[in-house]
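Student: quick one: sequence plus predicted model below, questions after.
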Amino acid sequence: TDIKGFTEMSKEVSAAEVMSFLNDLYTRFDSLTDVYGVYKVETIGDCYMVAGGLVARDEDGFGAVRRHGDTDPLHAMRVVSFGRAMLEEAAKVALPGTGQPVRMRVGVHSGPATSGVVGQKMPRFCLFGDTVNTASRMESTGRPGCIHISAATRSLLPRGEDEASWVPTGGVEVKGKGVLSSFI
């Protein structure tokens, strides 16, 4: 995700106000992760990153990273639904400095990724791979208040899932890949 006006707002209000704002917003998003079955990977500034289909819950409710070949057939729908809920929740929060409702760009791409813990000092669980980079490109080329999805994600959504509302963008240029089909 990316918050419209975040960089400008960060220059105009105190760091404590920015932190309080992000804490409020991200706490709201955190409460939605279990509802939609997505895993919060990380936050960096105004970027909130989740993954669908990464973690599976056992019968006791404990989570573990899925093994290669163990795919959640609903992962794309879970992430898109979470993105919609994020946009709704963000609109309830005022952007410091302007008081306007928060508008975000949400980008989604589906494909393989590798996960693991990196580092020895403050080790972090991270995701790696072209899928992560492409999702980031979907976000950065999207529009505030919209979810921008790749054709790969669109093909995994259940048949009839908002069929008429996904509008082709005409493609987006992705470094090293050329033009990728996408939808808003």
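Tutor: Looks like it came in fine.

Student: break down this structure into its helices, ranges please.
Tutor: Applying DSSP state H to the chain gives helices spanning 6-12, 15-36, 75-90, 130-140, 151-156.

Student: would you format those as JSON lines with mean pLDDT included?
Tutor: Below are the helices of the chain laid out as JSON lines (pLDDT from 0 to 100):
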{"stretch": "helix 6-12", "mean pLDDT": "96"}
{"stretch": "helix 15-36", "mean pLDDT": "97"}
{"stretch": "helix 75-90", "mean pLDDT": "97"}
{"stretch": "helix 130-140", "mean pLDDT": "94"}
{"stretch": "helix 151-156", "mean pLDDT": "95"}
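
Student: could you dump the ones you listed to TSV with mean neighbour count and distance to Gly61?
Tutor: C-beta here means a position set from N, CA and C on the backbone, and glycine is covered the same way. What follows is the helices of the chain, written out as TSV (neighbours: other Cβ atoms under 10 Å; distance: least, Cβ to Cβ, whole Å):
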stretch	mean neighbour count	distance to Gly61
helix 6-12	14	35
helix 15-36	14	10
helix 75-90	20	17
helix 130-140	19	27
helix 151-156	18	26
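
Student: who are the contact partners of the closest residue to Gly37 other than its chain neighbours?
Tutor: Excluding its sequence neighbours, the residue lying closest to Gly37 (Cβ to Cβ, 6 or more residues apart in numbering) is Arg78, at 4.8 Å. Arg78 sits next to 36-38, 52-53, 72 when contact means Cβ atoms under 8 Å, 6 or more residues apart in numbering.

Student: among the helices of the chain, which comes closest to Gln100?
Tutor: helix 6-12 (9.9 Å; Cβ to Cβ).

Student: as PDB, could you dump the C-alpha coordinates of the closest one?
Tutor: Output of helix 6-12 as PDB, limited to C-alpha atoms (Å, rounded to 0.1, in the frame of the first residue of the first chain):
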ATOM      1  CA  PHE A   6       2.100  10.800   3.100                       C
ATOM      2  CA  THR A   7       5.400  12.300   2.200                       C
ATOM      3  CA  GLU A   8       4.100  15.900   2.200                       C
ATOM      4  CA  MET A   9       2.200  15.300   5.500                       C
ATOM      5  CA  SER A  10       5.400  13.900   7.100                       C
ATOM      6  CA  LYS A  11       7.100  17.200   6.400                       C
ATOM      7  CA  GLU A  12       4.300  19.300   7.900                       C
END
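
Student: what's it in contact with?
Tutor: For helix 6-12, with Cβ under 8 Å, 6+ apart as the criterion, the contacting residues are 18, 45-46, 95-98.

Student: returning to what we had before: rebuild the helices of the chain as a markdown table, extending it with distance to Met122.
Tutor: Output for those, formatted as a markdown table (distance: least, Cβ to Cβ, whole Å):
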| stretch | distance to Met122 |
| --- | --- |
| helix 6-12 | 24 |
| helix 15-36 | 19 |
| helix 75-90 | 27 |
| helix 130-140 | 20 |
| helix 151-156 | 32 |
